[in-house]
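Participant: predicted model follows, preceded by the sequence.
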Amino acid sequence: MKKFIQFSILLAFTFVLKANAQDSSRLRISLLTCTPGNELYSIFGHSAIRIIDSNNVNDLVFNYGTFNFNDDEFYIKFIKGKLNYFVSVQHTEDFIYSYTAEGRGITEQILNLSEQEKNEIKFALIENLKEENKYYQYDFFYDNCTTRLRDIISKNKQPNPILPYVMPEQTRFRQAIHMYLNKSEQYWSKLGIDLLLGAKTDKIMSAEEQEFLPENLMSAIDQCTNQKLVSEKVQLTPPTFINQISKSLFTPSFCFWIFFAVVFSLSFVKNKFVSIITTGLDFTILFFTGALGILFIFMWFGTDHIMTKNNYNILWALPTNLIAAFFIKSKQKFVRYYFVFIACFLSLVLICWNFLPQQLNVSLVPIVLSIMVRSYFIISQKLNLK
């Protein structure tokens, strides 16, 4: 009996030593997910990694969403898709304060990691802080502040986490960002994004690609299918942000349909004053749509942005309109033929609107109709002058 008691004490002591020896790193690593804010840059939320190191008595947040706004070529690099983001580090209390001040909530997922995995993640983050490693070419969909964290976790966690779909499997990139823009009533921003992002944005996302959004990565890590990746989930701060965008009638659709109604009505009024107005409208519509077409070409071929390529908006915003704007009053035959082509071609575009490989913003329909109506009247005027 005495030997049994001694053996039991020895066995218990061994288990205690083993438990203590399992993780001497005294590290706690967690994923922080911040709720969306009011500004366009914050609409989609944010992610960061928190490391509490009890050995060195520090509590730090590693953030891959920082950039140098004071760069002399900031806007040029941003437009061309060459803007470098970088990883930065700050005290957790400062990070929490900045997001709390904006009314944005923060959820912490403490990751279930071994001592070796914790050390490897910490080492990888510290390596990335070095000047030669800290910068990366940001891509909103494929290489952003959230996907960087997912890749670090996946690379250093064994076995590699299998993260499931957290949105319907047929969800496209454009639909995902529309969800956030609609929820925050950012309809003009939605229009601008739909104008610039091409057909590649209508690609169906894989489970991994869905994780470009912070809330999606948080949900995917929660639902990891091959292991328990989260040991504890805590809401550090609740969201207190209230959408400050008041509902307005002046959405793109409302404004553009009013514009079409004005263009259509004026087209039937025949006097010199209205003729001057409609000529000005013709020039404005053609010049603006032509300039947009040139912008689409530039974003397609002149930048490194992946999602601005293959932009089918160029079917209605023809770059040649920019030249045609200066020949509205010309009596040359090619001008009449051009507007006949425009009227017919845009009719075909409208018929195929819902069948194109790219989802075009429906609020643009009245703009296309306006071009068609004015093309018809320009043709009629030129025929009457013969």
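Facilitator: Yes, it's here.
Participant: contacts only, for Ala124.
Facilitator: Contact analysis of Ala124 by CB atoms under 8 Å, 6 or more residues apart in numbering lists 152, 155-156. For every residue, glycine as well, the C-beta is placed using N, CA and C.
Participant: typo on my end, Ile51
Facilitator: By CB under 8 Å, 6+ apart, the neighbours of Ile51 are 27-29, 59-62, 121-122, 125.
Participant: now intersect those with the helices, please.
Facilitator: Among the contacts of Ile51, the ones falling in helices (DSSP state H) are 121-122, 125.
Participant: among the residues you listed, who's most crowded?
Facilitator: Ile121 (23 neighbours; other CB atoms under 10 Å).
Participant: what's the local residue count around the closest residue to that residue other than its chain neighbours?
Facilitator: Leaving aside its chain neighbours, Ile121 sits nearest to Asn156 (4.9 Å; criterion: CB to CB, 6 or more residues apart in numbering). Other residues lying near Asn156 total 20 when counted by other CB under 10 Å.
Participant: contacting residues around Val373?
Facilitator: When contacts are counted by CB under 8 Å, 6+ apart, Val373 touches 260, 263-264, 267.
Participant: can you tell me which of those has the most neighbours?
Facilitator: With neighbours taken as other CB under 10 Å, the top of those is Val263, carrying 21 neighbours.
Participant: what does the helix or strand hosting that residue contact?
Facilitator: Val263 belongs to helix 252-266 when assigned by DSSP states H and E. With CB under 8 Å, 6+ apart as the test, helix 252-266 has contacts from 187-188, 191, 274, 277-278, 281, 285, 361-367, 369-370, 373-374.
Participant: next one: stretch 173-183
Facilitator: Outside of stretch 173-183, the residues within contact range by CB under 8 Å, 6+ apart are 36, 43-44, 141, 167, 187, 189-190, 193-194, 197, 200-203, 205, 209-210, 213, 216, 307, 359.
Participant: buried subset of those residues?
Facilitator: Among the contacts of stretch 173-183, those scoring as buried are 36, 43-44, 141, 167, 187, 189-190, 193-194, 197, 200-202, 205, 209-210, 213, 216, 307, 359 (criterion: 16 or more other CB atoms under 10 Å).
Participant: restricted to strands, list those residues.
Facilitator: Applying DSSP state E to those, no entry is found in strands.
Participant: is it true that Gly103 lies in a strand?
Facilitator: No - going by DSSP: H, G, I helix; E, B strand; the rest coil, the assignment for Gly103 is coil, not a strand.
Participant: wait, isn't it in contact with Pro238?
Facilitator: No - using CB atoms under 8 Å, Gly103 makes no contact with Pro238, being 9.5 Å away.
Participant: and those two? Which one has more around it.
Facilitator: Higher neighbour count among Gly103 and Pro238: Gly103, with 16 against 13, using other CB under 10 Å.
Participant: any idea which of the contacts of Val373 is least confident?
Facilitator: Within the set of those, pLDDT is lowest for Ser267 (91).
Participant: how much space separates it from Phe345?
Facilitator: Note on Ser267: its distance to Phe345, by CB to CB, to the nearest Å, is 20 Å.
Participant: ok, now which ones touch Lys329?
Facilitator: Applying CB under 8 Å, 6+ apart, one finds that Lys329 lies in contact with Thr279.
Participant: helix, strand or coil for it?
Facilitator: Classification of Lys329 by three-state DSSP places it in coil.
Participant: check what pLDDT it gets.
Facilitator: The per-residue pLDDT reported for Lys329 equals 87.
Participant: same check on Leu17?
Facilitator: At Leu17, the model reports a pLDDT of 40.
Participant: mind listing residues that contact the longest strand seen in the chain?
Facilitator: The residue-count maximum for a strand in the chain (DSSP E) belongs to strand 58-67. For strand 58-67, the external contacting residues (CB under 8 Å, 6+ apart) are 32, 46-53, 83-93, 95, 125, 128-129, 136, 138, 144-145, 148-149.
Participant: regarding this structure, what is its longest helix?
Facilitator: In the chain, with assignment by DSSP H, the single longest helix is helix 272-301.
Participant: and that one, what does it pack against?
Facilitator: Applying 3 or more CB pairs under 8 Å, 6 or more residues apart in numbering; DSSP states H and E, we find helix 272-301 packed against helix 187-196, helix 252-266, helix 321-324, helix 365-384.
Participant: in CSV, list the ones you listed along with distance to Thr289.
Facilitator: What follows is these, written out as CSV (distance: least, CB to CB, whole Å):
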stretch, distance to Thr289
helix 187-196, 11
helix 252-266, 13
helix 321-324, 5
helix 365-384, 7
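Participant: quick one: which of those helices is nearest Ala220?
Facilitator: Nearest to Ala220 among the helices and strands packed on helix 272-301 is helix 187-196; the distance by CB to CB comes to 23.9 Å.
Participant: average model confidence for that closest one?
Facilitator: The average of the pLDDT scores along helix 187-196 is 94.
Participant: and for stretch 374-384?
Facilitator: On average, stretch 374-384 scores 84.
Participant: can I get the CA coordinates of it in CSV?
Facilitator: Written as CSV, here are the backbone C-alpha positions of stretch 374-384 (Å, rounded to 0.1, in the frame of the first residue of the first chain):
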residue,chain,number,x,y,z
ARG,A,374,-29.8,62.1,-77.5
SER,A,375,-28.2,60.0,-80.3
TYR,A,376,-31.6,59.5,-81.9
PHE,A,377,-32.4,63.3,-81.8
ILE,A,378,-28.9,64.2,-83.1
ILE,A,379,-29.5,61.8,-86.1
SER,A,380,-32.9,63.3,-86.7
GLN,A,381,-31.5,66.8,-86.7
LYS,A,382,-28.8,65.9,-89.2
LEU,A,383,-31.3,64.1,-91.5
ASN,A,384,-33.5,67.3,-91.4
